[in-house]
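Chemist: Pasting the sequence and the predicted coordinates here, then a few questions.
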Amino acid sequence: SDILELDGISKTYGKDGPAPVPVLRDLSLSVARGEVVALVAPSGAGKSTLLHIAGLLDTADSGRVLLNARDMSGQGDRVRTEARRRELGFVYQFHHLLPEFSAAENIVLPQLANGISAAAAQARASDLLARVGLEHRAAHRPAQLSGGEQQRVAFCRALANGPALLLADEPTGNLDPATSDKVFGVLMALVRETGLAALIATHNLDLAARMDRIVRLGE
Ligand code: ADP
Ligand code: ADP
């Protein structure tokens, strides 16, 4: 069954104002369990808008968003927030790690917010850091890490609560090509090991070709 199904999604910004910006029109897309889908689109085509709608951070004007076969479209904020915390992981172009906390603490905190015990959260953070080759960086703060290391920590944080679906917006877009290639390989290994499904927006066609399927937007 599909972990994510977008069905006939339309979105226009400033719909009732003088200068409406239509972005998505009747878009349908699904991601199966364990499937890794590349979202390839020219800049401005609505990639971020689509990820925000899929991630329950924004709502569409029409159409349905099914997460784990459950229709989230008409749900209130409490249900959407809960689903976001339990089922979804997010990664962005910039790491957005908390600067005053260590790499390990950045992975522990979202687990504590989900009611996991401190001991279990720390064990999971250590395990995730080891999987991305950063066990020796657990006590470092984000500013003490390289760009590639920061993104690897951000992947661990996104996976901290064992989501079913990872949504990523240009997760290696800030890195030089060689680092981007390496860090993407780490991400793919992590996703495959955990059986996670992912929708990953990228401009990089070489990276897109390494995913299971490519969905193009606005072309
Ligand atoms: P992408 O991620 O593919 O570059 P976005 O989803 O960020 O595209 O944006 C798609 C279009 O919608 C762009 O033309 C952008 O300027 C416009 N847009 C995005 N967010 C808003 C907003 N909050 N209000 C008005 N227009 C917006
Ligand atoms: P990567 O291959 O991940 O891009 P770099 O070659 O940029 O790594 O960095 C090499 C090493 O230097 C890394 O292990 C990183 O922890 C360390 N390092 C990078 N930037 C900083 C920094 N601003 N402060 C301290 N250590 C750093």
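Modeler: Here it is on my side, so go on. Ligands and ions are numbered 1, 2, ... in the order given.
Chemist: Centroid-nearest residue for the protein?
Modeler: residue 167 (2.4 Å; CA atoms, centre = their mean).
Chemist: phi, psi of that one?
Modeler: phi -110, psi 120 (degrees, to the nearest 10).
Chemist: so who does it touch?
Modeler: 51, 54-55, 88-91, 198-199 (CB atoms under 8 Å, 6 or more residues apart in numbering). Where C-beta positions appear, they are placed from N, C-alpha and C, glycine not excepted.
Chemist: how much space is there between it and residue 178?
Modeler: Distance of residue 167 to residue 178, given as CB to CB, to the nearest Å: 25 Å.
Chemist: ok, now residue 70?
Modeler: Distance of residue 70 to residue 178, computed by CB to CB: 41 Å.
Chemist: that older thread, out of the contacts of residue 167, which comes closest to ligand 2?
Modeler: Comparing the contacts of residue 167 against ligand 2 with CB to the nearest ligand atom picks out residue 91 as the nearest, at 16.0 Å.
Chemist: residues contacting the closest one?
Modeler: 151, 154-155, 158, 166-169, 171, 187.
Chemist: So residue 11 is in contact with residue 24, correct?
Modeler: Yes: using CB atoms under 8 Å, residue 11 is in contact with residue 24, at 4.4 Å.
Chemist: Common neighbours of those two, please.
Modeler: Residues touching both residue 11 and residue 24 (CB under 8 Å, 6+ apart): 46, 49, 53, 60.
Chemist: Could I have the PyMOL command that selects the buried members from those residues?
Modeler: Here is the PyMOL command that selects the buried residues among the shared contacts of residue 11 and residue 24 (16 or more other CB atoms under 10 Å):
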select buried, resi 46+49+53+60
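Chemist: Between which two of the shared contacts of residue 11 and residue 24 is the distance greatest?
Modeler: Across these, no pair lies farther apart than 46 and 60, at 11.1 Å, counting by CB to CB.
Chemist: Thought residue 163 was touching residue 110, still the case?
Modeler: No: with contacts counted by CB under 8 Å, residue 110 stays clear of residue 163, the gap being 10.3 Å.
Chemist: Look at those two and report which has more neighbours.
Modeler: A side-by-side neighbour count of residue 110 and residue 163, using other CB atoms under 10 Å, places residue 163 first with 21 against 17.
Chemist: so what's the more buried one closest to, chain neighbours aside?
Modeler: Excluding the flanking residues, the one nearest residue 163 by CB to CB, 6 or more residues apart in numbering is residue 89, at 3.9 Å.
Chemist: Where does the residue located most distally from the centre of the chain sit, in terms of helix or strand?
Modeler: Distance from the centre of the chain peaks at residue 18, with 33.2 Å (CA atoms, centre = their mean). Assigned by DSSP states H and E, residue 18 belongs to neither a helix nor a strand.
Chemist: do the one 5 residues further on as well
Modeler: Secondary structure from DSSP H and E places residue 23 in strand 21-32.
Chemist: who's in contact with that strand?
Modeler: Identification of contacts with strand 21-32 by CB under 8 Å, 6+ apart yields 1-14, 37, 46, 49-50, 53, 60, 63, 165, 197-199, 215, 217.
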